[in-house]
Structure formats: structure tokens, C-alpha cells
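**Q** this is a predicted model, with the sequence first.
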Amino acid sequence: MSQGQPVTFTSDGLELAGELRLPDDDGPRPGVVLTGPLTGVKEQVTGTYAQRLAERGYATLALDHRNFGESEGEPRQHEDSAGKLNDLRDAVSFLRARAEVDPDRVGMCGICLGTAYALKAAAFDPRVKALALVAGAYNDPRAMREGMGAEGYTEQLRTAAEAWERYAASGELDYMPAVAADGGPAVMAGDEPFAYYGTDRAHSPGWENRVTVLSIRELITLDAAMGAEFISPTPMLVVHGERDDYCSPDGARAVYERAGEPKRLVWLPAELHIDLYDNDDFVGPAVDEVVRWFDQHLA
């Protein structure tokens with residue numbers, strides 16, 4: 001099978017960078033667009049899953065979303081929720097236009113925060129024929145507000161609004177580390193995110209350890225879980241760890257219960273969220289489930 005080949009496509013006038021992987025067998029074959037964790041780039045989690053799926057017969061596209069990695073977009077390292085949905089829309093268009101891909105057999109796979117965007121994108125794009133969600137972060141503003149408390153939630157919104165005010169007036173942006181050692185302040189706080197992003201496990205020249213403070217508003221106002229009510233009749237697979245301190249199993253269960261048929265929920269005996277990033281004991285079974293689902297629904 002060929003290695004990932006660099007490709008570019010356009011979304012909202014921005015040139016986005018991706019890696020296209022093609023199986024050796026004759027096409028056209030089914031294709032899968034992948035989207036992944038906060039700050040993640042195509043050489044990390046999505047690249048791992050894209051490679052595994054390509055080895056199993058799928059043309060795959062892992063991309064750097066706007067503002068990250070090798071893709072264009074400003075501000076740099078800024079989470080743009082609406083923009084990411086447009087990125088996925090145009091990634092589907094790009095993949096469907098490839099001669100090696102059957103345009104009527106394109107699916108989408110989201111991992112971690114990518115599930116939030118994949119769910120919403122697939123729910124409102126009938127061109128996506130099947131959906132797989134792994135270790136999902138199903139952002140819901142109602143749950144965010146409840147978890148932070150009304151006062152804490154409002155304070156986060158105030159901080160973001162003031163950061164935007166300064167940016168609009170001066171062009172200067174406030175940043176926070178994406179991860180930090182020893183419990184330091186970070187957007188993805190704690191030892192577990194640092195164990196992946198802060199070490200050689202996630203090494204990539206395109207990854208930067210910073211995120212705009214403005215991104216916090218994007219994350220806590222993104223209502224992606226509402227896509228669950230709209231995903232049917234698109235087939236939806238949910239794969240999640242039995243224990244996950246960063247992306248609650250309750251969120252995965254709620255999204256599954258809110259969705260219509262056809263759907264499937266699979267629990268894996270993982271104890272860490274990042275087990276489903278690069279630990280083959282869990283990535284292997286997760287990929288097996290995704291392939292089984294796509295084999296059934298992208299046939």
C-alpha cells in the first residue's frame with residue numbers, strides 16, 4: 001500500500017493540507033474522511049487511524065484543519081468550530097472527486113473532539129453514508145454550564161470576549177499552553193494529555209503546544225451532540241472506553257441513546273482516554289469495529 005501522499009484542497013478560500021492514503025487494490029473504493037483531537041494534526045491520531053483503515057481497503061483523508069499544522073488560516077492555533085465543519089464539508093467534496101474513490105461510498109470517522117464535528121457534519125450532509133465515532137468528546141453547552149456552574153461558565157465567556165476585544169483592537173492574541181507538565185495551567189490540563197502530546201509519542205513538526213484563549217469560547221458553546229437527533233438514517237457507530245476521565249462514557253451513551261437506527265455502541269476495556277490514540281491493545285480493536293461497520297454500510 002502506498003504511503004500517505006500530500007494533497008491540498010480549498011475551504012472558504014483557505015488552502016488546507018491533507019494526507020491521502022490509497023490501498024493497492026483496483027478502485028474505485030470506499031473513502032473515509034478523518035478528523036481528530038483538539039490541536040491535533042494529520043501525523044498524529046488521525047494519521048494512525050487513516051493508515052490502519054487504508055490497510056483494510058479504504059481510501060482515507062486525514063487533514064490539518066484550518067489554523068493548524070500545514071493548513072492556512074488565522075489566527076494560528078485557534079479552534080474555529082464553524083470553520084471546522086466547513087473543512088469537513090469540503091474534505092468530503094475533495095474525496096468524492098478523486099477517481100480512485102467511489103463518490104457514493106464515503107464515510108467519516110471522528111476521534112476525540114473530532115467526533116463532535118464528525119457527528120454534526122454527517123448529520124446534515126447526506127453525502128456521508130456511514131459514521132464512526134471513537135473516544136468521543138460530545139460537546140454540549142448545557143452540560144458544560146452545569147459542570148462549571150453558571151458563574152464559572154459566564155466567567156469563561158467573559159474572558160474569551162475580552163480576549164476578542166483586544167484582538168480586534170490591536171491584533172494581539174492571548175494564548176495558553178495546550179498541555180503542561182506537573183499540573184500546570186493548560187487547555188488540556190492534567191498528566192494524561194501531557195503523556196501523549198508532551199512526549200515523543202505525538203511528535204510532529206506541525207504540532208504546536210499552544211491554543212488561543214478565544215478557543216475556550218468555541219469549545220464551550222459548540223453544540224455537537226444535537227447532531228444525534230438528526231443522524232438517522234445514516235448508520236452511526238460509537239466506540240468508547242469503559243473508563244475515560246477526559247471524555248465521559250456518559251456522553252457517549254447519551255449520544256447513542258438520542259440517535260435513531262441504524263446504530264451500534266461498543267465498549268472497550270480501556271482505562272485511559274489516550275489508550276485509544278496509540279495503544280495498539282485498544283486502537284486495534286477500535287479499528288476492527290470501524291472496519292466492520294464501514295464494510296457493512298459502505299459496501
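**A** Yep, it's here. Predicted model only: the values in this text are computed from it and were never measured.

**Q** does residue 91 touch residue 18 like I think?
**A** Yes - the criterion here is CB atoms under 8 Å, and residue 91 meets it with residue 18 at 7.1 Å. Using the backbone N, CA and C atoms, a C-beta is placed for each residue, glycine as well.

**Q** now the helices for the stretch 151-299 of the chain?
**A** Using DSSP state H, counting those that start in this stretch, the helices assigned to the stretch 151-299 of the chain run over residues 191-197, 214-221, 228-231, 249-258, 275-278, 280-297.

**Q** will you turn these into TSV that also has mean neighbour count?
**A** Below are the helices of the stretch 151-299 of the chain laid out as TSV (neighbours: other CB atoms under 10 Å):
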stretch	mean neighbour count
helix 191-197	19
helix 214-221	20
helix 228-231	18
helix 249-258	18
helix 275-278	21
helix 280-297	18
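
**Q** out of the ones you listed, which comes closest to residue 118?
**A** helix 228-231 (10.1 Å; CB to CB).

**Q** now do that closest one: everything it contacts.
**A** For helix 228-231, the external contacting residues (CB atoms under 8 Å, 6 or more residues apart in numbering) are 119, 122-124, 131, 138, 236, 254-256, 258-260.

**Q** can you show me the strands along the chain?
**A** In the chain, the strands defined using DSSP state E lie at 5-11, 14-21, 29-35, 59-63, 101-111, 128-134, 175-176, 211-212, 236-241, 263-268.

**Q** report the central residue of this protein.
**A** Centroid-nearest residue in the chain: residue 114, 1.5 Å away (criterion: CA atoms, centre = their mean).

**Q** was I right about that residue contacting residue 37?
**A** Yes - using CB under 8 Å, residue 114 is in contact with residue 37, at 6.6 Å.

**Q** can you give me the neighbour number for residue 261?
**A** 9 (other CB atoms under 10 Å).

**Q** residues touching it, list them.
**A** By CB under 8 Å, 6+ apart, the contact set of residue 261 is 232-233.

**Q** tell me how far it lies from residue 230.
**A** 14 Å (CB to CB, to the nearest Å).

**Q** shaky segments in the stretch 151-299 of the chain?
**A** Applying pLDDT under 70 to the stretch 151-299 of the chain flags no residue at all.

**Q** for residue 116, see how far away the closest residue to residue 120 other than its chain neighbours is.
**A** Using CB to CB, 6 or more residues apart in numbering and skipping the chain neighbours, the partner closest in space to residue 120 is residue 227 (4.1 Å). Relative to residue 116, residue 227 is positioned 8 Å away (criterion: CB to CB).

**Q** returning to what we had before: nearest to residue 26, of the contacts of helix 228-231?
**A** Relative to residue 26, the closest of the contacts of helix 228-231 is residue 131; by CB to CB it sits at 26.4 Å.

**Q** beta partners for that closest one?
**A** Beta-bridge partners recorded for residue 131 (DSSP bridges): residue 108, residue 236.

**Q** same question, residue 5
**A** Under the criterion used here (DSSP bridges), residue 5 is bridged to residue 20.

**Q** quick one, what contacts it?
**A** Residue 5 touches 19-22, counting by CB under 8 Å, 6+ apart.

**Q** out of the residues you listed, flag the one nearest to residue 217.
**A** Nearest to residue 217 among the contacts of residue 5, with distances taken as CB to CB, is residue 19, at 30.0 Å.

**Q** and the closest residue to that closest one other than its chain neighbours, how close does it get to residue 65?
**A** Among residues not flanking residue 19 along the chain, residue 4 sits closest, at 3.6 Å (CB to CB, 6+ apart). From residue 4 across to residue 65, the span is 17 Å (CB to CB).

**Q** neighbour count winner among these two?
**A** Using other CB under 10 Å, the more surrounded residue of residue 4 and residue 65 is residue 65, with 29 against 20.

**Q** tell me the phi and psi of that one?
**A** phi -70, psi 160 (degrees, to the nearest 10).

**Q** fine by me, thanks again.
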